[in-house]
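Novice: have a look at this fold, sequence not included:
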């Protein structure tokens, strides 16, 4: 269950489907742009990432995500709605940890607003990640560098 | 008076705690000194400070019930 933009564990296909169900109700929208962030099996110093453990300042996530939505909707006047969901807890390589869906009147703003939302999530959401390697060692990811 | 201090990310690991309470701290600056006394390893890490869910860059006074968070650089998404 999504609570204040966060969900425990990976964002499953069932959850994605549920979040996308309401698209058809937005009859003033001509385009929906979806971003799914997936945990990548990076290889670092000969070790492969098998999962990421996410933690968050939950109280501040709501404030910041609300602000992100407000600023993107202000910047992209044709955008109608923005949905953001971020995982906390363990998400394995190949699983989804970020969902951003933007509905807009037209495709250009849907795509641009979605891209802007993803960048702001990475910059402003108080979330941290620990990369877990296949030998069960781990490393804190110090900054977003993808 | 008492304030709650939260540690996140790598800071929670190096301090071995997510949450600690401090009494009789006057300001953020005062709090930082107390934290560094208790957890000297914290000085080796970059972090920002929030006060009641807002990131701050100055040295405001603290009051009873305030919540302060020490946050390493974000890495979400």
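Specialist: Everything's here; your move. Because the structure is predicted, anything quoted here is derived from the model rather than measured. Numbering: from 1, shown residues only, chains lettered A, B, ... in the order given.
Novice: all contacts plus neighbour counts: C-alpha atoms, from now on.
Specialist: OK.
Novice: give the contact list for the closest residue to residue B:21 other than its chain neighbours.
Specialist: In space, and not counting its chain neighbours, residue B:21 is closest to residue B:4: 4.6 Å by C-alpha to C-alpha, 6 or more residues apart in numbering or on different chains. Neighbour list for residue B:4: B:19-22, B:65-68 [criterion: C-alpha atoms under 8 Å, 6 or more residues apart in numbering or on different chains].
Novice: enumerate the residues of chain B near chain A.
Specialist: Applying C-alpha under 8 Å from any C-alpha of the partner chain, we find that chain B lies next to chain A at B:8-10, B:53-54, B:71-77.
Novice: narrow those residues to those in helices?
Specialist: Those of the residues of chain B next to chain A mapping onto helices are residue B:10, per DSSP state H.
Novice: given the helix or strand of chain B with the lowest mean pLDDT, what are its sheet partners and their directions?
Specialist: For chain B, using mean pLDDT, DSSP states H and E, the weakest element among its helices and strands is strand B:54-56, scoring a mean of 93. Here strand B:54-56 has these sheet partners by DSSP bridges: strand B:48-51 (antiparallel).
Novice: count of residues packed around residue 20?
Specialist: Assuming you mean chain A. Using other C-alpha atoms under 10 Å in any protein chain shown, the number of residues around residue A:20 comes to 14.
Novice: sorry, should have said chain B
Specialist: Residue B:20 has 11 neighbouring residues, counting by other C-alpha under 10 Å.
Novice: again, but for residue B:6
Specialist: By the criterion of other C-alpha under 10 Å, residue B:6 has 20 neighbours.
Novice: quickly find the element holding it.
Specialist: Taking DSSP states H and E as the definition, residue B:6 sits inside strand B:2-7.
Novice: from the chain's centre, how far out does that strand sit?
Specialist: 6 Å (C-alpha atoms, centre = their mean, to the nearest Å).
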